[in-house]
Structures are given as structure tokens and as C-alpha cells.
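**Q** Fold the following and give me the result.
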Amino acid sequence: MLRVAILSFWHIHADGYFRQAVEHPDTVVMGIWDEDPVRGKQQSADRGIPYVEHLDDIWMNSDIDAVIVCAPTNQHRDIIIQAARAGKHIFTEKVLAPTLQECNEILQAVEQSGVKLMVALPQLYESYTLAIQDVLAKGLLGELTSARVRRSNHGVVKYPQRNFAHFFNMEQSHGGALIDVGCHPMYVARLFLGMPESVSASYGYMTGKQVEDNAVSVLRYANGALGTVESSFVNPFSPYSMELHGTEGVLLCGYPEHTVQLRTTRFGDEAAEQWTLVDKPQRQPMAFAQWVSHIQNNTIAEENIALAVDLTKLMEASGLSAALDRPVRIDSLSN
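**A** Numbering: from 1, shown residues only. Reported below is the predicted structural model:
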């Protein structure tokens with residue numbers, strides 16, 4: 001039985017990870033720590049799980065094997081490195097860290113300790129993502145020329161009474177719509193197109209928050225292809241949508257349902273005149289379940305970690321681009 005502690009309920013998804021840990025047959029929640037003691041004690045009381053006041057008590061507790069990190073983004077580096085050095089396996093909310101330099105420090109600590117790390121990148125394992133990957137692997141779009149991926153939420157405009165203030169705290173979150181909800185279209189665009197040479201980002205501030213509530217990041221590739229990543233906190237009904245264009249076809253998903261529609265020249269001129277629904281495979285296990293499996297089987301989530309690092313690169317470059325009002329090359333980021 002894998003014994004885990006929840007480190008912070010800062011992130012909105014902490015509740016979901018708690019439920020996954022409770023429901024998984026091979027995990028049990030042993031304790032809760034939170035950088036906000038009031039919130040932590042309330043979560044402890046509500047869930048019937050012991051509250052741990054000091055992080056050092058987590059690290060020194062041999063009855064805790066692993067941690068789920070949902071702390072503020074600006075605390076990820078320190079908490080994850082401490083966990084690794086204490087020999088605790090780590091599941092963390094995205095982003096792994098706000099900068100490439102911090103990611104590299106985390107990975108060094110994880111490698112040295114031999115613990116298992118997994119980052120929550122849930123869209124990688126959805127059936128529609130897997131179906132699109134299969135279409136690309138079969139070459140049905142030809143050479144990709146552009147991709148657009150959009151994901152938004154309605155937290156600001158639909159639920160202003162809910163306490164989302166910490167998501168709009170620049171020091172804690174290191175950004176707004178793009179680094180939060182925009183993470184998902186960003187790593188999906190990276191999955192489909194690969195890593196770009198440079199990024200150009202524009203941020204909008206419609207509601208007067210410290211962080212952007214509207215964001216677009218354009219990924220530019222050496223072969224001339226372009227990727228467009230869009231995110232927002234101020235769109236109540238904007239569907240998660242993807243469109244991929246290539247020299248031999250086009251693919252649409254999420255308008256508004258998660259059906260995958262394809263037109264391609266690869267099956268002849270007559271077939272190219274109509275849209276075809278693409279069969280979707282069964283979704284893969286959730287990232288949390290995969291993390292438990294990696295611990296049990298002594299394997300490494302290599303693809304997940306590599307994509308998580310690339311996500312940080314793209315987020316760091318986007319933030320710099322928006323601040324400097326110019327494109328930022330990925331190879332200019334500090335290691």
C-alpha cells in the first residue's frame with residue numbers, strides 16, 4: 001500500500017487528486033499539510049485526515065512514501081526538491097516549475113534520489129488526443145502546416161463570488177490564464193507539432209487582475225509551420241477545441257463535442273469531398289494511476305517528464321515574450 005500525503009489545497013484540482021488517492025486500491029492518504037494553516041486544518045477536519053503542521057514532519061515520517069503537490073507554483077521547486085531528498089515519490093500539479101532552471105534543479109534531485117515523478121498533464125491520455133496522434137502517425141494530414149488549440153474557463157465571469165483570488169496572485173501563480181488553463185492546449189500543441197524555435201505571446205487584462213485573463217501564444221517552427229495556443233478566464237461557453245491543418249488534410253475536434261472529424265486527400269478525390277468521423281480508442285489511465293504504476297514497477301515516466309519540461313520552456317518563453325513585446329527563442333532560456 002502506497003502511503004501518501006497531500007501537500008496543500010491551494011490548487012483547485014487538489015480535491016480531485018485527494019479523491020483519486022482515496023479511491024485507488026493501492027493508495028491511502030496519511031496526512032495533509034498546507035502553507036495556509038487555516039485552510040489545511042479545515043481540509044483535515046472535513047476529510048478526517050490528520051493535519052501536519054510542519055513540512056519537516058512529512059519528510060521525517062517513514063510511514064509516508066509519497067506526496068501529492070498542489071502548492072502554489074512559486075513553491076514547487078523547494079517543496080519537490082525537499083521531497084526528493086527525503087525519498088518521497090512525487091505527483092505534482094502542472095506546471096512542474098515556472099522556469100527551465102528550476103525544472104533542471106528538480107530533475108537533478110529526483111534523479112539523485114531515485115524517486116518517481118509524475119506531472120498532471122491529463123489531456124495526453126484522453127481518447128481524442130490519442131485518436132489525433134494516430135491520424136498524424138498515419139500521415140493522413142501530410143506535413144502539418146498549422147495547429148490551433150484553445151481552452152478557456154469561466155471562473156471570473158460566471159463565478160465571481162467564488163474565491164479564485166489566489167489564481168490571480170502573480171507571485172504565487174507566475175501568470176494567469178496561460179499558465180493555468182492554457183497549459184493544456186500548450187502541451188497538446190507541443191505534442192502534435194514538436195518544439196518550436198520561438199514563441200510570440202500577447203496577454204490581455206480585461207478584468208484588472210495582476211495576471212492576464214486573455215492570452216494567445218504563437219509557436220513558430222523552422223519549416224514555417226505555426227502553432228496557436230489560446231486561453232482565457234473570461235469565456236463562459238468557449239469549448240476546448242483543436243484544429244490541425246496539413247498539406248494533405250484537415251482535422252477538427254471540439255466544435256463543441258469531442259468528436260474527431262477528418263478530411264484528407266489520402267483516400268482519393270471522392271473521399272476528400274466529405275468529413276469522416278475518426279474512431280477514438282479507449283482513454284489511457286489517469287496520470288495519478290500511471291504514477292502509482294511507475295512506483296510499483298520501478299519505471300520512469302519519461303515522456304510525461306520530457307513534455308512537462310517542454311511545457312515550462314514554452315510558458316517561460318511566452319511570459320518573457322509578452323513582457324518584452326517581442327519573440328523569444330526557446331534556446332535563449334537559461335538552464
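**Q** Name the residue most distant from the centre of the chain?
**A** Distance from the C-alpha centroid of the chain, by Cα atoms, centre = their mean, peaks at Glu270 (39.9 Å).
**Q** Check which residues of stretch 137-144 are buried.
**A** Within stretch 137-144, the residues that qualify as buried are 140-141, 144, counting by 16 or more other Cβ atoms under 10 Å. From N, CA and C alone the C-beta is placed, and that goes for glycine too.
**Q** Tabulate those residues in TSV, adding columns for distance to Thr73, secondary structure and pLDDT.
**A** Compiled in TSV, those are given as follows (distance: Cβ to Cβ, whole Å; DSSP: H, G, I helix; E, B strand; the rest coil; pLDDT from 0 to 100):
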residue	distance to Thr73	secondary structure	pLDDT
Leu140	38	coil	97
Leu141	35	coil	98
Leu144	31	strand	98
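**Q** Let me have the residues you listed in JSON lines, extended by distance to Ala86.
**A** Putting those into JSON lines (distance: Cβ to Cβ, whole Å) gives the following:
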{"residue": "Leu140", "distance to Ala86": "48"}
{"residue": "Leu141", "distance to Ala86": "47"}
{"residue": "Leu144", "distance to Ala86": "43"}
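**Q** I'd assumed Ser293 was in contact with Ile300.
**A** No - contact between Ile300 and Ser293 fails when scored by Cβ atoms under 8 Å: they sit 11.5 Å apart.
**Q** Identify the bridge partners of Arg3.
**A** Per DSSP bridges, the residues bridged to Arg3 are Val28.
**Q** ok, back up a step: pick the one among the buried residues of stretch 137-144 closest to Ile49.
**A** Closest approach between the buried residues of stretch 137-144 and Ile49, by Cβ to Cβ: Leu144, at 46.5 Å.
**Q** show me the contacts for the nearest residue to the closest one once chain neighbours are set aside.
**A** Spatial nearest neighbour of Leu144, excluding adjacent residues (Cβ to Cβ, 6 or more residues apart in numbering): Gly246 at 4.9 Å. For Gly246, the contacting residues are 141-145, by Cβ atoms under 8 Å, 6 or more residues apart in numbering.
**Q** Which helix or strand lies directly C-terminal to the helix or strand that contains Ala147?
**A** Element membership for Ala147, per DSSP states H and E: strand 144-152. Once the chain leaves strand 144-152, the next helix or strand it forms, by DSSP H and E, is helix 170-173.
**Q** show me the contacts for the residue farthest from the centre of the chain.
**A** Counting by Cβ under 8 Å, 6+ apart, Glu270 has no contacts.
**Q** for Asp213, same thing?
**A** Applying Cβ under 8 Å, 6+ apart to Asp213 gives the contacts 156, 176-177, 204-207, 232-234.
**Q** and which of these is nearest to Asn104?
**A** Using Cβ to Cβ, the contacts of Asp213 come closest to Asn104 at Gly176, 24.9 Å.
**Q** And for the closest one, the neighbour number?
**A** Residues near Gly176, counting by other Cβ atoms under 10 Å, number 28.
**Q** Thought Gly208 was touching it, still the case?
**A** No - contact criterion Cβ under 8 Å: Gly176 and Gly208 do not qualify, at 11.8 Å.
**Q** ok, now how distant is the residue nearest to Leu144 from Arg3?
**A** 48 Å (Cβ to Cβ, to the nearest Å).
**Q** What ranges in the protein fall below the confidence cut-off?
**A** In the predicted model, the chain carries pLDDT under 70 at residues 155-165.
**Q** Tell me how it divides into domains.
**A** 2-115, 123-285+315-332 (automatic domain parsing).
**Q** need the ones you listed in CSV with distance to Ala306, can you?
**A** Listed next are the domains of the chain as CSV, based on distance: least, Cβ to Cβ, whole Å:
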stretch, distance to Ala306
domain 2-115, 10
domain 123-285+315-332, 10
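**Q** Looking at those, spot the one closest to Ile305.
**A** domain 2-115 (7.2 Å).
**Q** for the closest one, how far is the first residue from the last?
**A** Using Cα to Cα, to the nearest Å, one end of domain 2-115 lies 13 Å from the other.
**Q** do the same with stretch 262-271
**A** Stretch 262-271: ends 10 Å apart by Cα to Cα.
**Q** mind checking the SS state of Gln261?
**A** For Gln261, the assignment made with DSSP: H, G, I helix; E, B strand; the rest coil gives strand.
**Q** do Ile49 as well
**A** coil.
**Q** show me the contacts for it.
**A** By Cβ under 8 Å, 6+ apart, the contact list for Ile49 reads 6, 29-32, 43.
**Q** Just the buried residues of those residues.
**A** By 16+ other Cβ under 10 Å, those give 6, 29-32, 43 as buried.
**Q** and of those, the nearest to Tyr187?
**A** So of the buried ones among the contacts of Ile49, ranked by how close each gets to Tyr187 (Cβ to Cβ), first place is Ile6, at 23.8 Å.
**Q** Counting by contacts, list what the helix or strand that contains that closest one packs against.
**A** Element membership for Ile6 (DSSP H and E) is strand 2-7. Strand 2-7 sits against helix 14-23, strand 27-33, helix 55-60, strand 66-69, helix 287-297, with contacts defined as 3 or more Cβ pairs under 8 Å, 6 or more residues apart in numbering; DSSP states H and E.
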